[in-house]
Each structure stands twice: as structure tokens, then as C-alpha cells.
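[1] Just need the structure, nothing else, for what follows:
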Amino acid sequence: VTPVGLGILLTTPSYTVTNGGSIFGAVLGVTYLSNGMLMNYGTISGLIPVAFLGVEDAVVDNRGDIVGNTNGVLCVGGANVSFANTGRISSGGHGIYSDIAGEFWLDNRGDIIGDLMGVNLSASGNIDIFNGGSITGTTEYGIYTESHGGNISITNTGTITGIGSVGIYGNSLDGNMALH
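    Numbers count the residues shown, from 1 in each chain. Purely as a prediction, here's the structure:
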């Protein structure tokens, strides 16, 4: 799929997009405006290749490549995100950027690279990160997390790098933070 502005726009709940080829959107590659699941085995690219906007439940299983100019994956205004990555996510900004009202769960066994930050997560609930791969922020943080009402847990058996700043930054305003 290679349109001018949007690759795929989903407005009806519970759609699953399974990509084994190539999706390009000059602005947005795959965009969800309601609950949905993305299974990527191919390549998704664009200014923002994957966006979940105001979605209550988002599920991502990336085994391919997500290549973005500003953010690889953008999740804003929604509730809960469940994200598994064994592929590669790269972006000129943030590999994954999320500002949600619920909980964020990330299991990374691949590579996440952002020219600013690898992973930038803000949530009202718990943030759980399991990293057995590589997360890199080339000018700022590898992982930046902020929870406004939940706990932050980061378990790392891989590599987390903040080349221009700090590898991991965490701030749990009303909860606990644990590094394993």
C-alpha cells in the first residue's frame, strides 16, 4: 500500500492488520482510531508509521521493520498498550512514544532506536518493560518513563543506551520504580 498521506486508517473496533509486505504513508502508515491489533512481519514506513490515537486497547506484535521520520510508533490519548517487538523499530525522533491514560507493557527482544529517545513512555497506570534486545536513544535517553499513578518496572537482560544522556530515566509520581 503506497498512498499519498495515509497508508491504512481504521475507525471500526477490533480490526487486526497483518502485514507481510510493505505499507507506506507519507504522513501516517497504519492508524487506529479504535481498538485494534497490528501484526507486522514486513515493513511499515512514513513520517509516523504506526499510530494509535485515543484507543482503549492497542496490541502490537512487530517482527518486521517499522521506520519513521518523527516517531516509529505513536500512542496518545488512549488507555492500554501491549507491545511485543522481535523486529526493528527506528526513527528520527522516538522509536516508541506513548502518552496514555492506562498501562503500557513492552516486551522487546529486537532493536528499538530513536535519534532522540529509544522509548518515551508516559502513563497514568503501570509501565512494565522487559528488554532482552537493544534500546538506544542516540541524543537523549534510551528509556524515559513517567507514571502518574502506577508503578514502573524495568527488567533488562539486553542493552539500554542513552548515547547523549542517560540510559534509563524513571519517575513514578505515586508509585514505585524497580530495576531488575
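[2] low-confidence ranges in this structure?
    Along the chain, the model assigns pLDDT under 70 to residues 1-4.
[3] Who does the residue nearest the centre of it form a beta bridge with?
    Nearest residue to the geometric centre of the chain (CA atoms, centre = their mean): residue 96, 3.2 Å. Beta bridges link residue 96 to residue 73, residue 119, judged by DSSP bridges.
[4] Quick check: it touching residue 119?
    Yes. At 4.9 Å, residue 96 counts as touching residue 119 under the criterion of CB atoms under 8 Å. In this view, the C-beta of every residue, glycine as well, is placed from N, C-alpha and C.
[5] Quick one: residues contacting the residue nearest to the centre of the chain.
    71-73, 75, 83, 89, 106, 112, 114, 118-121 (CB atoms under 8 Å, 6 or more residues apart in numbering).
[6] In JSON lines: these, plus distance to residue 23.
    Formatted as JSON lines, the contacts of residue 96 follow (distance: CB to CB, whole Å):
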{"residue": "71", "distance to residue 23": "16"}
{"residue": "72", "distance to residue 23": "13"}
{"residue": "73", "distance to residue 23": "13"}
{"residue": "75", "distance to residue 23": "18"}
{"residue": "83", "distance to residue 23": "18"}
{"residue": "89", "distance to residue 23": "14"}
{"residue": "106", "distance to residue 23": "22"}
{"residue": "112", "distance to residue 23": "19"}
{"residue": "114", "distance to residue 23": "20"}
{"residue": "118", "distance to residue 23": "23"}
{"residue": "119", "distance to residue 23": "22"}
{"residue": "120", "distance to residue 23": "23"}
{"residue": "121", "distance to residue 23": "24"}
